[in-house]
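1. sequence-free structure coming up:
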């Protein structure tokens, strides 16, 4: 179902009618439509089309995205719209770097040679782009502060395929960080404080710290909305027996109840109490708060004591009830679930932030489209200009145009063939990655001496372990709390495990105590 936030109006005849920002997520497609006028950018329409998360079924996911895009774009002529798409994957990142002044072509080569020093992941088949943030003098030497962005070519090809199914040819593809920067420069231009934007998606979360209008620090946070949902799927044991929520049930409860307090009222049909919800979600909340706090500490050290004054929450998870209050109390700063754009009385939801930022992107910004497509678009633009200007001048120009069309067709066939060959290698690459991962699992054995030493160091007072066992790939800890506040003590132990060498900690409350299941880092 499409959720619309405004009504579209007719625009000009000859220029691009609209600038459309697209944000393709794991369970929805977001769209923001703007028109460029003398007074600035004017919002014409914004909409969200949600669909069921397809998990690992890539074919189903592509079908759902294609159908969502076609529904959102009904009534639009794609050839008369400029599209800017937001991209994201584990290998999509940006970095603020400082380099000596040099020609732009040499800057690009210098960045490619030194990129391994900027990004902590393999850069095989990586695409790069950069833009100048500001110039500075360092001991009389002119230097550039640049924003460098990268992603994998496989990611770009995947998005091009998704968009192509709906007849969309994007003018630019940008990372989430750049979309948030455009949002900061246009919609938050009056914000003079050092601000942090946090985009909380269902699969990825991105944190960006701004110094003025420039990105000073950017990082992926390894927590997202799905982690809150999974936290609620643990086993619940009470006098009514054992209960386990499905992902769909947990997602519904999360959206309706949010982060409960101990006195919150949860309807009986949800099969879970407010105390149980809080105990199960608290480790994720504390881990998220700790990750944000560590980013702030790093920024303070790098900037010689600069302080973050406000945290703005965007993305679908930003609207989680009680989240902003919890983070404000933990971090000790102002935290807001923020609308990315206001047009009159219309207030946009936080989940549309990246789509709005993409539509606001300027031509000279970062664009991670492959070089051959960028060059192709430049040639297409020039050809269209000559066609309009010389359409009625001479027959010879018509023949020239036909020749250019033939060359263009040949080039598109070559690109299509290259994409086909690339896709043919993907199954082999995925199989190799799966075999490598399997070997890691088989040969990875826990060092029990270290495990027991770490547990003895972090177990809180008032908690007694009764049994420790290794079941499958998980370490199982059973115990009880001598303190009358058993849930808080067990939650504190769970949170301490999460911050140490353990991961994926799940807390199960029982009538006689508690059970903790986790895997080793």
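-> Ah, there it is. All values reported here derive from a predicted model rather than from experimental measurement.

2. Okay, domains of the protein per the record?
-> Following automatic domain parsing, the chain resolves into domains at 191-339, 371-443, 448-520.

3. most neighbours per residue, which of those?
-> domain 191-339 (a mean of 18; mean count of other CB atoms under 10 Å). Quick note: C-beta positions are derived from backbone N, CA and C, even for glycine.

4. export the domains of the chain to a markdown table and tack on distance to residue 94 and mean pLDDT?
-> Output for the domains of the chain, formatted as a markdown table (distance: least, CB to CB, whole Å; pLDDT from 0 to 100):
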| stretch | distance to residue 94 | mean pLDDT |
| --- | --- | --- |
| domain 191-339 | 5 | 90 |
| domain 371-443 | 19 | 65 |
| domain 448-520 | 26 | 79 |
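
5. any chance of the ones you listed in CSV, with distance to residue 362 too?
-> Listed next are the domains of the chain as CSV, based on distance: least, CB to CB, whole Å:
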stretch, distance to residue 362
domain 191-339, 12
domain 371-443, 16
domain 448-520, 41
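
6. backbone phi and psi for the residue nearest in space to the middle of the chain, please?
-> Closest to where the C-alpha atoms of the chain average out (CA atoms, centre = their mean) is residue 204, at 4.1 Å. Backbone torsions of residue 204, given as degrees, to the nearest 10, read phi -130, psi 150.

7. please begin residue numbering at 47 from this point
-> In the new numbering, first residue 47, that becomes residue 250.

8. so who does residue 373 touch?
-> With contact set as CB atoms under 8 Å, 6 or more residues apart in numbering, residue 373 has these partners: 334, 335, 338, 357, 359, 381.

9. out of the domains of the chain, which comes closest to residue 112?
-> domain 417-489 (16.6 Å; CB to CB).

10. For the closest residue to residue 333 other than its chain neighbours, which residues are in contact?
-> Closest residue to residue 333 apart from its sequence neighbours, by CB to CB, 6 or more residues apart in numbering: residue 544 at 5.3 Å. Residues in contact with residue 544 (CB under 8 Å, 6+ apart) are 329, 332, 333, 551.

11. Surely the last one is within a strand?
-> It stands for residue 551. Yes. Residue 551: assigned to a strand according to DSSP: H, G, I helix; E, B strand; the rest coil.

12. From residue 522, how far off is it?
-> 11 Å (CB to CB, to the nearest Å).

13. which neighbours do those two share?
-> With CB under 8 Å, 6+ apart as the test, residue 551 and residue 522 both reach 562, 563.

14. Okay, and which of the contacts of residue 544 map to strands?
-> residue 551 (DSSP state E).

15. what two of the contacts of residue 544 have the greatest distance between them?
-> Every pair of those checked by CB to CB; the farthest is 332 and 551, at 11.1 Å.

16. how close does the residue nearest to the centre of the chain sit to residue 69?
-> For residue 250 relative to residue 69 (CB to CB), the value is 12 Å.

17. Kindly report the same for residue 83.
-> Taken as CB to CB, the span from residue 83 to residue 69 is 23 Å.

18. cool, and residue 510?
-> 49 Å.

19. So residue 83 and residue 69 - more neighbours on which side?
-> residue 69 (29 against 10; other CB atoms under 10 Å).

20. looking at this, that one is in a strand?
-> Yes. Counting by three-state DSSP, residue 69 is found in a strand.

21. these two touch, right, it and residue 405?
-> No. In this structure residue 69 lies outside contact range of residue 405 using CB atoms under 8 Å: 9.9 Å.

22. Identify each of the strands in the stretch 347-496 of the chain and give its residue range.
-> Counting by DSSP state E, counting those that start in this stretch, one finds strands in the stretch 347-496 of the chain at the ranges 356-360, 380-383, 388-389, 392-393.

23. Dump those strands to TSV, plus distance to residue 168.
-> Below are the strands of the stretch 347-496 of the chain laid out as TSV (distance: least, CB to CB, whole Å):
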stretch	distance to residue 168
strand 356-360	29
strand 380-383	35
strand 388-389	42
strand 392-393	42
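
24. and residue 73, which of these is closest to it?
-> Taking CB to CB, strand 356-360 is the member of these nearest to residue 73, at 16.4 Å.

25. Starting from the closest one, tell me which strands it pairs with and how they run.
-> strand 241-246 (parallel), strand 380-383 (parallel) (DSSP bridges).

26. From residue 551, how far off is the spatially closest residue to residue 528 that is not a sequence neighbour?
-> Nearest residue to residue 528, sequence neighbours excluded (CB to CB, 6+ apart): residue 508, at 5.2 Å. In this view, residue 508 and residue 551 are 19 Å apart by CB to CB.

27. thinking residue 145 is in contact with residue 188, fair?
-> No. Counting by CB under 8 Å, residue 145 sits too far from residue 188 to count as a contact (10.6 Å).

28. which residues in the chain form helices?
-> Counting by DSSP state H, the chain has helices at residues 104-118, 150-160, 199-211, 222-232, 271-277, 293-303, 320-348, 369-377, 399-405, 417-436, 441-489, 494-504, 532-544.

29. ok, now which ones touch residue 494?
-> Applying CB under 8 Å, 6+ apart, no residues qualify as near residue 494.

30. how close does it get to residue 197?
-> 41 Å.

31. before we move on, the earlier item: could you dump the helices of the chain to JSON lines with distance to residue 243?
-> What follows is those, written out as JSON lines (distance: least, CB to CB, whole Å):
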{"stretch": "helix 104-118", "distance to residue 243": "25"}
{"stretch": "helix 150-160", "distance to residue 243": "24"}
{"stretch": "helix 199-211", "distance to residue 243": "22"}
{"stretch": "helix 222-232", "distance to residue 243": "5"}
{"stretch": "helix 271-277", "distance to residue 243": "16"}
{"stretch": "helix 293-303", "distance to residue 243": "22"}
{"stretch": "helix 320-348", "distance to residue 243": "12"}
{"stretch": "helix 369-377", "distance to residue 243": "13"}
{"stretch": "helix 399-405", "distance to residue 243": "8"}
{"stretch": "helix 417-436", "distance to residue 243": "27"}
{"stretch": "helix 441-489", "distance to residue 243": "32"}
{"stretch": "helix 494-504", "distance to residue 243": "33"}
{"stretch": "helix 532-544", "distance to residue 243": "25"}
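
32. Among those, which comes closest to residue 387?
-> Comparing the helices of the chain under CB to CB, the one sitting nearest is helix 399-405, at 5.0 Å.

33. helices or strands up against that closest one?
-> strand 64-70, strand 74-83, strand 86-96, strand 127-133, helix 222-232, strand 241-246 (3 or more CB pairs under 8 Å, 6 or more residues apart in numbering; DSSP states H and E).
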